[in-house]
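A.B. asks: what's the 3D shape of this:
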Amino acid sequence: MVQRMPVAERSRPDGGAAAGRPHRAPRPRAPFGVVLAASVALLGLAVLASLAIGSRAVPFDVVWSAFSAPVDGDTDQLVVRELRLPRAIIGVLAGAAFGAVASVLQGATRNPLADPGLLGLNAGASLAVVAAITFLGVSTPLGFIWFAFAGAAAAAAVVFAIGSAGGGATPARLALTGAAVMAATTPLITLVLIRDLATLNQYRFWSVGSLAGRGLETAAALWPFLVAGLVLAAWLAPRLNLMALGDDVARGLGVRLGVTRLVTAVAVIVLAGTATSLAGPIALLGLAVAHAAGASAGGDYRRRIALAAVLGATVLVTADVIGRVVAPPAELEAGIVAAVVGAPVLIALVRRRGGAAT
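C.D. replies: As a prediction, the model looks like this:
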């Protein structure tokens, strides 16, 4: 008679004791409420640092008085209110959107590498912005946002439509379709840029990801989209928990997969379009914070999405602050700093999964 491996060992990707590896007990996690409260506190500190730190240092008491007792003509207070406050608000909104959309994508596609960049949404937004600059003469961040939003939405619609055709939107189909969209749009972007130096000069500032040059009118135009996207993500979270068990199990537990995937597509379009419109196509930020949220919050997507949104805002605002001080008086764009943070996370993830596969 063949002896069956215990369920606890069969469920492990490395085969458990059969592979000769010692069983490791899972590390205890801190209570989620404590983790979330600490993350919110860190976000508050990051925002305060964003208001006070830069090429022109502003004392914290002046930061406080800029809002509690404003003085007309005070240069430091004007810097805080007119320049740094919009950057902090844009960073919070865009970072929250990047974190939330990456968590939703990873849950919906069951792909730990899912990210707006991987699925071609950033490429779609970039192509739309290049077209707006070249053919319509758009030159302001407030003008870019609507084209970036439309481009990300169009790319997401194409990816989900093609990926869902002929058998359903499997993780592999969505990833391959996203790669195809990137492969199709990137040469078009390059072709336009090499033929038009003026377009290149405007596009390169937006494309690296930055919080500078955006005013409160940009945040005022897009915050309703962020709220709508987060509401949709909250509705999706319990369904993503069930879909993690597999489509057949989720369907048996009452999840309407077609409706859920449609709502997922809408949430991804809204969140990714908002984030890219606000700050540009920042790479790897969402991927990094989504995995950090998963490590702290476990497999419950209700907690993961909420924590990823807070962590995304914290990391993006902090990246903007770091970019101001690393090479004064010049600034390093927040997208570059965020990529430096996210790249090691991606490398570590690939190495860990590669080791597990062997």
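A.B. asks: where does the chain have its least confident helix or strand?
C.D. replies: Ranked by mean pLDDT, DSSP states H and E, the weakest helix or strand in the chain is helix 7-10, scoring a mean of 42.
A.B. asks: distance-wise, check S210 relative to L332.
C.D. replies: To L332, S210 is 10 Å away according to C-beta to C-beta, to the nearest Å. C-beta: built from backbone N, CA, C; applies to glycine.
A.B. asks: same check on G33?
C.D. replies: For G33, the distance to L332 equals 35 Å [C-beta to C-beta].
A.B. asks: so where's the stretch 151-300 of the chain uncertain?
C.D. replies: Within the stretch 151-300 of the chain, the ranges that satisfy pLDDT under 70 run 166-171.
A.B. asks: show me the helices in it, by range?
C.D. replies: 171-195, 197-207, 216-243, 247-252, 257-279, 285-297 (DSSP state H, counting those that start in this stretch).
A.B. asks: V92: which of the ones you listed is closest?
C.D. replies: helix 216-243 (9.0 Å; C-beta to C-beta).
A.B. asks: so which elements touch the closest one?
C.D. replies: Using 3 or more C-beta pairs under 8 Å, 6 or more residues apart in numbering; DSSP states H and E, the elements in contact with helix 216-243 are helix 85-109, helix 141-164, helix 247-252, helix 257-279, helix 301-325.
A.B. asks: buried residues in that helix?
C.D. replies: Buried residues in helix 216-243, defined by neighbour count with 16 or more other C-beta atoms under 10 Å: 218-219, 221-222, 225-226, 229-230, 232-233, 236-237, 239-243.
A.B. asks: so what's L316 up against?
C.D. replies: G91, V92, A94, G95, F98, L211, A279, I282, L285, A334, A338 (C-beta atoms under 8 Å, 6 or more residues apart in numbering).
A.B. asks: ok, back up a step: okay, G33 and L332: which has more neighbours?
C.D. replies: Neighbours were counted for G33 and for L332 using other C-beta atoms under 10 Å; L332 has more, 18 against 9.
A.B. asks: pLDDT wise, what is the more buried one at?
C.D. replies: What the model reports for L332 is a pLDDT of 84.
A.B. asks: name the SS class of it, please.
C.D. replies: At L332 the chain is in coil, as set by DSSP: H, G, I helix; E, B strand; the rest coil.
A.B. asks: list the residues that contact it.
C.D. replies: I322, G323, R324, V326.
A.B. asks: now do 6 Å
C.D. replies: Neighbour list for L332: G323, V326 [criterion: C-beta atoms under 6 Å, 6 or more residues apart in numbering].
A.B. asks: next one: F98
C.D. replies: Here F98 is in contact with A275, L285, G286, G312 (criterion: C-beta under 6 Å, 6+ apart).
A.B. asks: repeat for A228
C.D. replies: Contacts of A228 were listed using C-beta under 6 Å, 6+ apart, and they are V270.
A.B. asks: distance of it from A267?
C.D. replies: Going from A228 to A267 by C-beta to C-beta gives 9 Å.
A.B. asks: repeat for S277
C.D. replies: Remark: distance between S277 and A267 (C-beta to C-beta) = 16 Å.
A.B. asks: quick one: buried residues of stretch 334-345?
C.D. replies: A334, G335, I336, V337, A338, A339, V341, G342, V345.
A.B. asks: ok, those vs R87, which is closest?
C.D. replies: So of the buried residues of stretch 334-345, ranked by how close each gets to R87 (C-beta to C-beta), first place is A334, at 8.9 Å.
A.B. asks: assign D76 to helix, strand or coil.
C.D. replies: Put simply, D76 is helix when judged by three-state DSSP.
A.B. asks: check what pLDDT it gets.
C.D. replies: 89.
A.B. asks: hmm, it is touching A57, no?
C.D. replies: No: when contacts are counted by C-beta atoms under 6 Å, D76 is not listed as touching A57 (9.2 Å).
A.B. asks: the two: who's more crowded?
C.D. replies: When D76 and A57 are compared for neighbours, D76 comes out ahead with 17 against 10, by other C-beta under 10 Å.
A.B. asks: return the distance of the more buried one relative to P329.
C.D. replies: 17 Å.
A.B. asks: same check, this time on A180
C.D. replies: With C-beta to C-beta as the criterion, A180 and P329 are 43 Å apart.
A.B. asks: give me the more crowded residue out of these two.
C.D. replies: More crowded of A180 and P329, by other C-beta under 10 Å: A180, with 15 against 8.
A.B. asks: so how far is I162 from the more buried one?
C.D. replies: 8 Å.
A.B. asks: which element, helix or strand, includes L51?
C.D. replies: According to DSSP states H and E, L51 maps onto helix 32-52.
A.B. asks: what angle do the next helix or strand after that helix and helix 32-52 make?
C.D. replies: Per DSSP H and E, helix 32-52 leads on to helix 60-68 as the next helix or strand towards the C-terminus. Relative orientation of helix 60-68 versus helix 32-52 (axes from the mean of the first three to the mean of the last three C-alpha atoms, to 10 degrees): 90 degrees.
A.B. asks: pull the number of nearby residues for L83.
C.D. replies: By other C-beta under 10 Å, the residues close to L83 number 15.
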